[in-house]
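Student: Okay, sequence plus prediction incoming.
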Amino acid sequence: MSLNNQVYISYGSNMGDLKANINQALALLTADPKIQIERQSAFYQTAPVGPVEQADFINGALKISTDYTPDQLLVVLHQIEHACRRERTIHWGPRTLDLDIIFFNELVLQSATLVIPHPEAFKRLFVLVPILEICGADFYQKTAIETQIAILKQDQTQTIKRLEEVNDDRTSKPAN
């Protein structure tokens, strides 16, 4: 089945069993017939960004194909967050699961519920590093991502550590 929209999603968890939270979300995404996971980054341990003191995160990124519209996909992601016990109590606070649409095709969108590209993406190593890992050489934001990663690493205010490769049957193999 060919799904038309190419989407990059950032994911993270810093409450409970972090890997189990992420794996549950990945299983729910995989079970949806309108979503195909194309690529998954390694897991990264990252320090939280923002004013709330909290535990480190495990973050990563997915490249998916989908026939959902951006708003439909946002609803699905929020349903998955809820199924993984996400509670929205503190802005930028601890969470069992966070799923964000970063890029959706080459769409630029600003609505009351959704902004694409994600407005914080180019400020966060935990978003950019995993996406750079899984995007192709022809990805329209690749050069901008590489440039911004270099700038953020020079700043040295964010930490990111690669934990492990992801090698399972949910994702297709990268094209050579």
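Tutor: Sure, I can see it. Everything quoted here is computed from the prediction, not taken from an experiment. Residues are numbered from 1 along each chain as shown.
Student: State whether Leu107 is indeed within a helix.
Tutor: No - read with DSSP: H, G, I helix; E, B strand; the rest coil, Leu107 is coil and lies in no helix.
Student: Surely it and Leu114 touch.
Tutor: No - look at Leu107 against Leu114 with C-beta atoms under 8 Å: they stay out of range, at 10.1 Å. All C-beta spots, glycine's among them, are computed from the backbone N, C-alpha and C.
Student: Would you mind listing the residues touching both of these two?
Tutor: Jointly contacting Leu107 and Leu114 under the rule C-beta atoms under 8 Å, 6 or more residues apart in numbering are Pro70.
Student: Which strands border whichever strand or helix holds Leu163, and is each parallel or antiparallel?
Tutor: Assessed by DSSP states H and E, Leu163 sits inside strand 160-164. According to DSSP bridges, strand 160-164 forms sheet pairs with strand 43-46 (antiparallel).
Student: what's the angle between the helix or strand just after the strand it pairs with and strand 160-164?
Tutor: Downstream of strand 43-46, the next assigned helix or strand under DSSP H and E is strand 57-66. For strand 57-66 against strand 160-164, the angle by axes from the mean of the first three to the mean of the last three C-alpha atoms, to 10 degrees is 70 degrees.
Student: can you count the residues close to Pro119?
Tutor: Pro119 has 9 neighbouring residues, counting by other C-beta atoms under 10 Å.
Student: Ignore what I typed, I meant Gln79.
Tutor: 13.
Student: That concludes my questions; thank you for your assistance.
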